[in-house]
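A.B. asks: can't give you the sequence, but here's the structure:
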């Protein structure tokens with residue numbers, strides 16, 4: 001009898017503590033390439049917070065001190081984020097933003113976990129997230145990239161533990 005009560009209580013607790021929205025917990029943001037290529041979604045991230053953190057870095061560059069010592073001064077915007085190729089105008093006019101909108105849930109399969117960088121090619125107009133790599137390998141491949149204009153840095157897709 002005690003086992004039945006325990007199971008009933010355990011099942012009730014599981015249902016009461018489960019997420020109350022109908023979603024996948026997979027979060028994405030959209031990239032609209034500067035060369036007219038088709039827009040595409042970047043993700044999945046395991047949380048809305050983690051997705052928005054990486055989206056913010058796709059839009060804006062901040063000092064590296066922001067990661068370990070976040071403050072208004074250490075996290076101030078100092079340029080374009082990793083989605084933009086070097087030399088892209090700053091500040092970016094709203095209609096030319098490459099990352100657009102905010103994070104959203106999707107059931108799309110998305111990318112494998114790892115580090116990537118963006119590449120934009122004009123002939124023909126195409127865009128892609130190149131990866132997945134380890135961070136060290138991503139930085140190495142990115143530094144030698146010659147097949148189109150690369151975004152300004154590597155970024156992570158996957159479980160941000162946030």
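C.D. replies: Received, thanks. Values in this document were obtained by computation on a predicted structure and should not be read as measured data. Residues are numbered from 1 along each chain as shown.
A.B. asks: thinking residue 82 is in contact with residue 129, fair?
C.D. replies: No - between residue 82 and residue 129 there is no contact under C-beta atoms under 8 Å: 10.9 Å. Just so you know, the C-beta spots here come from the backbone N, C-alpha and C atoms, and that holds for glycine as well.
A.B. asks: who's more crowded, those two?
C.D. replies: residue 82 (22 against 18; other C-beta atoms under 10 Å).
A.B. asks: regarding that one, what is its secondary structure?
C.D. replies: Here residue 82 is coil, with the state taken from DSSP: H, G, I helix; E, B strand; the rest coil.
A.B. asks: from residue 71, how far off is it?
C.D. replies: 21 Å (C-beta to C-beta, to the nearest Å).
A.B. asks: helix, strand or coil: sort out the spatially most central residue of the chain for me.
C.D. replies: The residue lying closest to the centre of the chain (C-alpha atoms, centre = their mean) is residue 54, at 4.5 Å. When classified by three-state DSSP, residue 54 comes out as helix.
A.B. asks: quick one: it and residue 156 touch, right?
C.D. replies: Yes - counting by C-beta under 8 Å, residue 54 touches residue 156, with 6.6 Å between them.
A.B. asks: what about the strands in this structure?
C.D. replies: 27-31, 40-45, 60-61, 79-80, 99-105, 114-122, 125-133, 149-150, 155-157 (DSSP state E).
A.B. asks: as TSV, those with mean pLDDT and distance to residue 143 would be great.
C.D. replies: Listed next are those as TSV, based on pLDDT from 0 to 100; distance: least, C-beta to C-beta, whole Å:
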stretch	mean pLDDT	distance to residue 143
strand 27-31	98	21
strand 40-45	97	21
strand 60-61	96	17
strand 79-80	96	18
strand 99-105	94	22
strand 114-122	97	10
strand 125-133	97	12
strand 149-150	96	9
strand 155-157	98	15
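A.B. asks: no further questions, thank you.
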